[in-house]
Every structure is written in C-alpha cells, then in structure tokens.
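A.B. asks: Below are the sequence and a predicted model for it; my questions follow.
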Amino acid sequence: MGEVLIADEEELHKAVELARLIVREAERCIRWRAQRVLLELILNRGVYTRKPMRTQKRTGAMPPIVTVIIIVASVVAAALAAYFIYTTTARGVRQVSLTVIGQPTLYAVNKTAVELRVTFKNDGTADVNLADSIISVQMKNKTVVQFSNPQLATGSGNLKLAPGDSVALVYTASATLDDFPDGAMATLQTAGGYQTSFAVAKP
C-alpha cells in the first residue's frame, strides 16, 4: 500500500507542476502583450504628434484564452488533489474484520489426524480470502500445530468472503485429539497477512 501511496503522490506532484507551468506561461503571455502595447503607444506618440495618443480600451486586460487556461489548470489541479485525498481515505477505511461464530471445535478423524471446524463472518469493509489460510493451535506441550487445507463444511459457500458474508470451514492437521487441551488458543492467518485469535474446544 505504501508503494501505491507514493505513486499517487508523484502523480499529484506532476499535475501541480503542470498547472504551475501553464500559469507561468500565461503570465509570460500577459507581460509580452503589455510590452507590445507599451511599444505601440511610444511609437504612436512619436509619429502622430498632432493627434491624441491612441490607446486600447483593453490595455492591461487579461486575454480570454489566458483566462480559460488558468481556470482549466486550476480545476485540473483541484480535481487531482481531491481524487488523491479520496482514494487515500478510502484505502484507509476499508479493512478486514473476521468474527468467529459459535464454538470452534476439534474432532478426531482417526488416530493420526484431527480436524478443526470453525465458522467465520466478515464484519469488515474489505473482502478476505481464506483459501490459503492456516490456523495454529497450541498443544499441551506448549508447541503449536498448523491446521491447513480449509474446505467447506457444507456444500455451499465461498472461501472468499465479501463484507457481511460467513462460511463454515474444516481444517485438518496431523496430530491426535489428546495432544490438545480443552480451550486451546488458536490463531488464524490469511495469505493477505490478516490475523485473529480465538479459543477452541474439544467434544
């Protein structure tokens, strides 16, 4: 996310510099026009000594095209700044928040395998993918074993949870049910780096 923010800041900086360049060119055009008008006034005064000095009604006025350029540059710079602020805020607000529904429980599959059944609900504002997630459960000897390969506990559901969605999953690990205490601590970790902890029970 940090690289995206840096790229956005660079684009905003380029847009602001472009707007400043346009304004400088407009001001240079105005100065050049003023100098030309002044030169014409001097020449007219020297040549037409018996006639009133001719002046232009719009002396010193900003040409319409310059006004349009300045307005467009200002609008573009303001729009880019607003877009940068909006996208930065939106990224900061969107986040994952998983809640465990019910009681996660360990079950013995056979003498060498244990499965963990758990239901998650996404209470956050961003999607979360549980396809490659793992759950580390603490055993009686204070070491941990990793439950992986999440599968749907029922025939319907999706491993990628949108905000508000929930899913019942089954994780498996090579261990025995006696290796775990009742109420063992477990930590879920997704491939995207999100983590949450909860306690698991035994039947």
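C.D. replies: That came in fine, so what should we check first?

A.B. asks: Are we agreed that I65 is in a strand?
C.D. replies: No. Read with DSSP: H, G, I helix; E, B strand; the rest coil, I65 is helix and lies in no strand.

A.B. asks: and the gap between it and Y194?
C.D. replies: Between I65 and Y194 the distance is 54 Å, computed by C-beta to C-beta, to the nearest Å. In short, each C-beta sits where N, CA and C put it, glycine included.

A.B. asks: Could you grab the helix/strand/coil label for A78?
C.D. replies: The three-state label given to A78 by three-state DSSP is helix.

A.B. asks: Next, count neighbours for it.
C.D. replies: 12 (other C-beta atoms under 10 Å).

A.B. asks: Apart from its chain neighbours, what residue comes closest to L130?
C.D. replies: Spatially, and ignoring its direct neighbours in sequence, L130 is nearest to L159 (4.9 Å; C-beta to C-beta, 6 or more residues apart in numbering).

A.B. asks: L169 reaches N149, doesn't it?
C.D. replies: No. Assessed by C-beta atoms under 8 Å, L169 is found out of contact with N149, at 9.9 Å.

A.B. asks: Neighbour count: those two, which is higher?
C.D. replies: Per other C-beta under 10 Å, whichever of L169 and N149 has more neighbours is L169, with 23 against 14.

A.B. asks: So which bits of stretch 153-161 are buried?
C.D. replies: For stretch 153-161, burial by neighbour count (16 or more other C-beta atoms under 10 Å) applies to L161.

A.B. asks: what's the first-to-last distance across that stretch?
C.D. replies: Using C-alpha to C-alpha, to the nearest Å, the end-to-end distance of stretch 153-161 comes out at 15 Å.

A.B. asks: what comes into contact with that stretch?
C.D. replies: If you take C-beta atoms under 8 Å, 6 or more residues apart in numbering as the criterion, stretch 153-161 is touched by 98, 117, 119-122, 127-131, 150, 152, 165, 167-170.

A.B. asks: same thing but at 10 Å, please
C.D. replies: Residues outside stretch 153-161 that contact it (C-beta atoms under 10 Å, 6 or more residues apart in numbering): 96, 98, 115, 117-124, 126-133, 150-152, 165-170.

A.B. asks: now swap in stretch 107-116 and tell me
C.D. replies: The contact list for stretch 107-116, computed with C-beta under 10 Å, 6+ apart, reads 104-106, 117, 135, 137, 145, 147, 149-151, 153, 169-180, 184, 186, 200, 202-203.

A.B. asks: Any buried residues in that stretch, and which?
C.D. replies: V114, E115, L116.

A.B. asks: got the CA coordinates for that stretch in CSV?
C.D. replies: Extracted C-alpha coordinates of stretch 107-116, given in CSV (Å, rounded to 0.1, in the frame of the first residue of the first chain):
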residue,chain,number,x,y,z
TYR,A,107,-12.6,-33.6,16.3
ALA,A,108,-10.6,-36.8,15.9
VAL,A,109,-10.6,-38.0,12.3
ASN,A,110,-8.5,-41.1,13.1
LYS,A,111,-5.5,-41.9,15.3
THR,A,112,-3.2,-39.6,13.4
ALA,A,113,-5.4,-36.8,12.1
VAL,A,114,-7.6,-34.1,13.7
GLU,A,115,-9.9,-31.6,12.1
LEU,A,116,-11.0,-28.2,13.3
